[in-house]
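**Q** whatever this is, show me its structure:
(2 chains)
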Protein chains: 2
Amino acid sequence: MGSQVRVLGVDPGLTRCGVGVVEGSPGRPLTMLGVGVIRTPAEAEIGQRLLLIEQGLEQWLDTHRPELVAVERVFAQHNVSTVMGTAQASAVAMLCATRRGIPVTLHTPSEVKAAVTGSGRADKAQVTAMVTRLLRLAEPPKPADAADALALAICHIWRGAAHNRIAAAVASNPRTREYRR
Amino acid sequence: MGSQVRVLGVDPGLTRCGVGVVEGSPGRPLTMLGVGVIRTPAEAEIGQRLLLIEQGLEQWLDTHRPELVAVERVFAQHNVSTVMGTAQASAVAMLCATRRGIPVTLHTPSEVKAAVTGSGRADKAQVTAMVTRLLRLAEPPKPADAADALALAICHIWRGAAHNRIAAAVASNPRTREYRR
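**A** Below is the predicted model of the structure:
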C-alpha cells in the first residue's frame, strides 16, 4: 500500500490560515499530528499580516517537518472581497515550502470535498464530519479552516499516491520518460 | 522641500516583475539609481517562481537599501487570467520589505498615472514618456514593467511626502493623536 507520508495542509487566508498535519498512506488509517489556525489582526498592515503568516508557517514546518505541503488552489472568480488576501496568503505558504525544498501541490476545493466525502459539492458540515471520522477524532476540529486544512492533507495523501504511482511508472519506462512533468 | 528618500518601486508579476529605484524629494530633480525586471519561466512551478522573485527582490534590496517600497495595488476585478499571479508576486514583495522593517505603500495604477502624467487615464506610452523625462534618461526604460516600477517610485516620493506631512501634523497634535492608524 506504499509508505507513510506526512503532509501539511494549508487553507490560506489572511484573517485565519488553517493548518493541519496528517500522516498516512492510501488504504491505511490516517493519523492527525497537529491542527490549528494562524490568525492575523485585520487592523494590521498587509505586509505585517503576511509576515505573521510566514512566521506561523515556519513554526509549523519546524515542528512537524512535513514531506509535502498541500495548499488550496485559489480562483479569481470566487468571493472578490477576500480573494486577494487568500491569494497572497497562499503565496506565502508556497514560498515557505519551496524555500525548504518541500514539494507543493494545489488542490481545488471540489477535489478536496470529493476526496473526503465522495461529492465535490459537499457542504462544510459534511467535510468536517468526514475529517473527524477519517482521523478518528473525539470531536470535530474547529474552526472550519482547521478542518479544511486537514481535508486538504487527506486529499493529498490519497490523490498524491495515485499521481506518484503514475509518475513512477512513467519515470521507470524509458519510452515515456521524455513526456514527464 | 524635505530630505531625499530612496524608494524601490515594484510592478508585480509572475512572468515579469518590474523593479526601479528612484531617489529624490518633492520639488527637486529625481535620480534613477537602477531599473530592471525579474523574470521567471512560465513552465516552472508556482512555488519555484515565487522563490525566484523573492531571491531577485532580495538582491535589489541588498544592492540599493531603499527606505521605502512602493507596490502596485492589485484589484480582483482586473484581468482575471493574470490577477492571481500578480497578487502572489505582490505578496512576496510586501513580505520581503516588511521582513527588513522597510515600510510598504500600495498605489493604484490610476494614482501612479495621475502622479506622473497628470491624468489617471494616461496610457502606457504617456507614462513611459514622462518617466523618461522626469528622470532625465537618454532613452525610455524597457520593458513597460520597468517603466511602471519607476513611475510607482516617483508617485511614492511625491505622494508620500504629502502623506508624511499630514501624518506628522496629526502625530504632533494631541487632540488628533487617537485618530491615527
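**Q** which elements pack onto the helix or strand A:Val21 falls within?
**A** A:Val21 belongs to strand A:16-24 when assigned by DSSP states H and E. Counting contacts by 3 or more Cβ pairs under 8 Å, 6 or more residues apart in numbering or on different chains; DSSP states H and E, strand A:16-24 is packed against strand A:5-11, strand A:31-39, helix A:46-64, helix A:144-172. All C-beta spots, glycine's among them, are computed from the backbone N, C-alpha and C.
**Q** now do the host helix or strand of A:Ala125 against strand A:16-24, angle only.
**A** Applying DSSP H and E as the criterion places A:Ala125 in helix A:124-134. Here the directions of helix A:124-134 and strand A:16-24 differ by 30 degrees (axes from the mean of the first three to the mean of the last three Cα atoms, to 10 degrees).
**Q** where does pLDDT dip in chain A?
**A** A:1-2, A:76-80, A:160-181 (pLDDT under 70).
**Q** residues of chain A that sit close to chain B?
**A** Neighbours of chain B within chain A, by Cβ under 8 Å from any Cβ of the partner chain: A:43, A:45-48, A:50-51, A:54, A:74-77, A:80, A:83-84, A:87-92, A:94-95, A:97-99, A:104, A:106.
**Q** buried members of those residues into ChimeraX, please.
**A** Applying 16 or more other Cβ atoms under 10 Å in any protein chain shown to these, the buried members can be selected in ChimeraX as follows:
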select /A:45,46,47,48,50,51,54,74,76,83,84,87,88,89,90,91,92,94,95,97,98,99,104,106
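**Q** the helix holding A:Ala125 vs strand A:31-39, what angle?
**A** 140 degrees.
**Q** need the residues that contact helix A:124-134.
**A** Residues outside helix A:124-134 that contact it (Cβ atoms under 8 Å, 6 or more residues apart in numbering or on different chains) are A:30, A:112-113, A:116-117, A:119, A:122, A:137, A:139-141, A:144, A:147-148, A:150-151, A:154.
**Q** pull out the buried positions in that helix.
**A** Result for helix A:124-134 [16+ other Cβ under 10 Å]: buried residues A:127-132, A:134.
**Q** equivalent analysis for stretch A:65-82, please.
**A** Going by neighbour count (16+ other Cβ under 10 Å), the buried part of stretch A:65-82 is A:66, A:68-74, A:76.
**Q** ends of it, how far apart?
**A** In stretch A:65-82, first residue to last residue: 30 Å (Cα to Cα, to the nearest Å).
**Q** returning to what we had before: out of the buried residues of stretch A:65-82, the closest to chain B would be?
**A** Distance to chain B, by Cβ to the nearest Cβ, is smallest for A:Ala76 among these, at 4.5 Å.
**Q** test my guess that A:Gln48 contacts B:Thr98.
**A** Yes: the criterion here is Cβ atoms under 8 Å, and A:Gln48 meets it with B:Thr98 at 5.9 Å.
**Q** how many other residues sit next to the nearest residue to A:Val112 once chain neighbours are set aside?
**A** Spatial nearest neighbour of A:Val112, chain neighbours left out: A:Cys155 (4.5 Å); criterion: Cβ to Cβ, 6 or more residues apart in numbering or on different chains. Residues lying near A:Cys155 (other Cβ atoms under 10 Å in any protein chain shown) number 25.
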